[in-house]
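In: have a look at this prediction, sequence included:
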Amino acid sequence: MKKVASLVFGIIAVAAGVAAMDSIFVVDETQQAVVTQFGRPVGEPRVEPGLNVKLPFIQRVSFFDKRFLEWDGDANQVPTRDKKFIFVDSYARWEITDPLQFFIRLRDERGAQSRISDIVDGETRNAVAENDLIELIRTSNRTPEQTEEFLEDLDQLDDIAIGRDAIERLILERANERTSDLGIRILDFRFKRINYVDEVRRSINERMISERNQIADLFRSEGQGEARRIEGQKDLELASIQSQAFRESEEIRGRADAEATSIYANAYNRSRQARELYAFLKSLETLEASLDSSSTIVLSTDSELFRYLASPQ
């Protein structure tokens, strides 16, 4: 009898321990919880960290993150107001503000992500379709810094009325209006990437290449014109230098010839021996200029050249 009582007591103690363990749950700093009974919420949500109790076995606890959560959308093809087809990739940050309402409407984070995708993607499409592409790209009006005068027309920027930041804020406000009864709040929304569709991107790239080639041709033509100007200036200066050098060389040669003639005249008039030496040297110069190794010359005895060659003095 005592053994049966001890066994019953042990079973009761184990059951009580299991029940006590199942009735206690811990909510940490990053969590908030909702207690449900047969699938229905019971009591207020538990948002403060610490130990909490519930009815064992018949009540369950659903935990939800208290931190900021991330939503990363898929790139969607959207037309702008000016009929430009673009891919828009966006992301957002959100948080659970009312865990009880969140549990009733969305159940879990997977359901919340799906619902946020529907809302944010829809508002993004609406906002993109209401604005031109330039409004989605730029945030403010600005005057580009002008570095080259001939690129002035290419660097002109159209003015914008709204801008990218204002469109992102508009999408955020509209999305929060639609999520107000879901127990969540979208904290931030941003465009992660905006790009043309493949067909349009190819045509844009071809146009950009054409514009860059046009600028390159303009650089080349200006460079060639400057090269021609420099070459013409060089030829003009070279001709001037050569003309001046030729004039100076002729003047020097004329002065040298005059001086040589003067020296020859003075030497010729100085004495008979000098005159004869001068005549002898001139004869040798004549012979040197008119004869070579294969030449044959016939001289008479009356020839002055023969006289100089025949004379021992």
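Out: Thanks, I have it.
In: CA only for contacts and neighbour counts going forward, please
Out: OK.
In: show me where the stretch 101-250 of the chain has strands.
Out: Residue ranges of the strands in the stretch 101-250 of the chain, as given by DSSP state E, counting those that start in this stretch, are 184-196.
In: would you state the helices of it in chain order?
Out: 109-129, 133-137, 164-179, 198-270 (DSSP state H, counting those that start in this stretch).
In: flag every buried residue along the first one.
Out: Under the neighbour-count criterion of 16 or more other CA atoms under 10 Å, helix 109-129 has 112-113, 116-117, 119-121, 123-125, 127-129 buried.
In: model confidence over that helix, on average?
Out: In this model, helix 109-129 has a mean pLDDT of 95.
In: which helices and strands does that helix pack with?
Out: Here helix 109-129 touches strand 69-72, strand 76-79, helix 164-179, going by 3 or more CA pairs under 8 Å, 6 or more residues apart in numbering; DSSP states H and E.
In: dump the residue contacts of residue 243.
Out: Not one residue lies near residue 243 by CA atoms under 8 Å, 6 or more residues apart in numbering.
In: pick the most buried one from the helices of the stretch 101-250 of the chain.
Out: Greatest average neighbour count among these goes to helix 133-137 (a mean of 20), per mean count of other CA atoms under 10 Å.
In: please save the CA atoms from that one in PDB.
Out: Output of helix 133-137 as PDB, limited to C-alpha atoms (Å, rounded to 0.1, in the frame of the first residue of the first chain):
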ATOM      1  CA  LEU A 133      12.000  59.700 -64.600                       C
ATOM      2  CA  ILE A 134      14.000  62.800 -63.800                       C
ATOM      3  CA  GLU A 135      12.000  63.300 -60.600                       C
ATOM      4  CA  LEU A 136      13.000  59.700 -59.400                       C
ATOM      5  CA  ILE A 137      16.700  60.300 -60.200                       C
END
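In: figure out the helix or strand that the closest residue to residue 77 other than its chain neighbours lives in.
Out: Excluding its sequence neighbours, the residue lying closest to residue 77 (CA to CA, 6 or more residues apart in numbering) is residue 87, at 4.5 Å. Here residue 87, judged by DSSP states H and E, is contained in strand 85-96.
In: that strand - contacts with which helices or strands?
Out: Packed next to strand 85-96, using 3+ CA pairs under 8 Å, 6+ apart, are strand 69-72, strand 76-79, strand 184-196.
In: what's the last one packed up against?
Out: Going back to what we said before, that points to strand 184-196. Strand 184-196 packs on strand 85-96, helix 164-179, going by 3+ CA pairs under 8 Å, 6+ apart.
In: go with 6 Å
Out: On a contact count with 3 or more CA pairs under 6 Å, 6 or more residues apart in numbering; DSSP states H and E, strand 184-196 meets strand 85-96.
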